[in-house]
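Peer 1: Here's a sequence, model it:
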Amino acid sequence: MCPEIPKSATLSRRRFTAGAAGAALLGAAGLAQAQSGSAIRLLVGFPAGAGSDAIARLLAEHLKDELKAPVVVENRAGAGGQIAAQALKAAAPDGRTLFLTHDHSISILPQVVKTPGFDPAVDFTPVAGFATFSNVLAVSGGTPAKSIDEYVNWVRNQRGGKETIGVPAPGSIPEFLVKLMAQKYKLDLQAAPYRGSAPMTADMLGNQITAGIASVPDFIELQKAGKVRIVAVIGAKRQPLLPAVPTFSELGFANLDDYPYYGIFAPVGTPQPVVDRFGAALQKVLAMPEVKSKLTALGLNVAYEPQGQFAGRVRTYTATWTNIIRATGFVPQ
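Peer 2: From the prediction side, this is the model:
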């Protein structure tokens, strides 16, 4: 039989439990209040002028009104988003730092870099997803090719079967696409890694390289202006903005149906009420017709995904590309 607990001890325990719960609520409320008016950093792993930067600035402009605080885009360019990801890991989980990124930094970098300096599954908290997109192959105006077959034949007949294709980061999905193209078409194709898509597209415009692989947002305006020609896209279906462009799957490439994603992450340990607040603000911003139309014009398939759904997408996508990367024989650098 358990000894009777004195009433005074019972009261003290109840007061302690109630006090702890109240402190937690006050802590979350205090954090939300602290965010109000305090600048929120939105980290981006690529330079100004790149597709991710344009997306981040558009969302930041409207998020500030929903969050009642300035949202400042901070470009931490380099290493395919690795520098920005490390900055997120180092940030305090106080609701003042977020990371807007696509699949490369989260699902690909940890598979291709020996010591990336972060583990997304351990160091980050998914906040929400907001879009999917396609990586595409585009040829520069310096080539006569208007399709992937014409480009392949041009490389084979005019370049001796050897060519360099630009990619926005080493060890990226675009680099693996170059490897898959080399295998399928039996060409000597080499990836030329850049520090982001902006310098890569600049070299395409200057005809320093004849083709590049990057996201639709990186190429769509150049495509509209007739400065590059997009000839193939990743995904299960053709893109609404590019209805005449075949998918890699249509061209005979296997396992390229999953769409890359865009989402927002916070440091691990960020209180759930704060994560929920960010997610709710993002959902409201994405529902604004002017925001959705601008993101769609950039080549994004806009769709809000709440935390749990987005986390599931990240896990599935990561597993798919882990298998593809291993099958190519790539050795982490």
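Peer 1: End to end on stretch 207-227, go ahead and measure it.
Peer 2: Using CA to CA, to the nearest Å, one end of stretch 207-227 lies 11 Å from the other.
Peer 1: Contacts made by stretch 103-116 with the rest, please.
Peer 2: Here stretch 103-116 makes contact (CB atoms under 8 Å, 6 or more residues apart in numbering) with 45, 80-82, 84-86, 99, 118-120, 124, 169-173, 260-261, 263, 265, 314, 317-318, 321-322, 325, 330, 332-333. For every residue, glycine as well, the C-beta is placed using N, CA and C.
Peer 1: Apply 6 Å and report the result again.
Peer 2: 45, 80-82, 85, 120, 171-172, 260-261, 317-318, 321-322, 325, 332 (CB atoms under 6 Å, 6 or more residues apart in numbering).
Peer 1: ok, now stretch 272-283?
Peer 2: Here stretch 272-283 makes contact (CB under 6 Å, 6+ apart) with 28, 31, 63, 66-67, 95, 127-128, 266, 304.
Peer 1: and the residue nearest the centre of the chain, how far is that from T125?
Peer 2: Centroid check for the chain by CA atoms, centre = their mean gives H102 as the closest residue, at 0.3 Å. Applying CB to CB, to the nearest Å, the value for H102 to T125 is 17 Å.
Peer 1: circling back: is it possible to export the contacts of stretch 272-283 to TSV including secondary structure?
Peer 2: Listed next are the contacts of stretch 272-283 as TSV, based on DSSP: H, G, I helix; E, B strand; the rest coil:
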residue	secondary structure
A28	helix
L31	helix
L63	helix
E66	helix
L67	helix
G95	coil
V127	strand
A128	strand
A266	strand
Y304	strand
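Peer 1: Select from those residues the one having the most neighbours.
Peer 2: Counting neighbours by other CB atoms under 10 Å, V127 comes out on top of the contacts of stretch 272-283 with 26 neighbours.
Peer 1: contacting residues around that one?
Peer 2: By CB under 6 Å, 6+ apart, the contact list for V127 reads 264, 266, 275, 278-279.
Peer 1: quick check: mean pLDDT across stretch 217-228?
Peer 2: For stretch 217-228, mean pLDDT is 93.
Peer 1: what's the answer for stretch 308-328, then?
Peer 2: 93.
Peer 1: mind listing what's buried in that stretch?
Peer 2: 310-311, 313-314, 317-318, 321, 324-325 (16 or more other CB atoms under 10 Å).
Peer 1: Distance of V155 relative to T322?
Peer 2: 30 Å.
Peer 1: should've said F133
Peer 2: Taking CB to CB, one finds F133 at 20 Å from T322.
Peer 1: Where does the closest residue to V127 other than its chain neighbours sit: helix, strand or coil?
Peer 2: Closest residue in space to V127, ignoring its immediate chain neighbours: I264 at 4.3 Å, by CB to CB, 6 or more residues apart in numbering. At I264, secondary structure determined by three-state DSSP is strand.
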